[in-house]
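Here is the input, now give the coordinates:
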Amino acid sequence: MISRKMLLEKKMLRKRRLEKTNPICRKTQLSNELRPAYHNILCRADLKQGLPFGVAIPNRATRKAFADTNAGRNLVVCKDVEDMFKRLGI
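Alright, predicted model coming up:
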């Protein structure tokens, strides 16, 4: 029967091996501080040499909305959260 201590040691060795073999894990030095999901995404991005998910390019309407808000045009200013929900009809 494998003891709890042996399982923990095995898990730690596996983690160290991953950190040694994966450049993104070595470079960031944050693998112990990042939550496992973020760490997993960073490691996948390194292995894939790019993003591990598809990226949608904004369409014309979205780009226009970004340009308008950056320029301060067509903005809706709300007094508070209740006012915002009221204007949105929620």
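
From now on I want contacts and neighbour counts done on CA atoms only, so please keep to that.
OK.

The residue positioned nearest the centre of the chain: which element?
In the chain, the centroid-proximal residue (Cα atoms, centre = their mean) is Tyr38; its distance is 5.9 Å. Secondary structure from DSSP states H and E places Tyr38 in helix 36-48.

what helices or strands is that helix leaning on?
Here helix 36-48 touches helix 23-28, going by 3 or more Cα pairs under 8 Å, 6 or more residues apart in numbering; DSSP states H and E.

what's the span of stretch 70-88, first residue to last?
End-to-end span of stretch 70-88 (Cα to Cα, to the nearest Å): 21 Å.

next one: it to chain centre, how far?
In terms of Cα atoms, centre = their mean, to the nearest Å, the centre of stretch 70-88 is found 27 Å from the chain centre.

which residues sit against that stretch?
For stretch 70-88, the external contacting residues (Cα atoms under 8 Å, 6 or more residues apart in numbering) are Asp68, Thr69.

buried residues in that stretch?
By neighbour count with 16 or more other Cα atoms under 10 Å, stretch 70-88 contains no buried residues.
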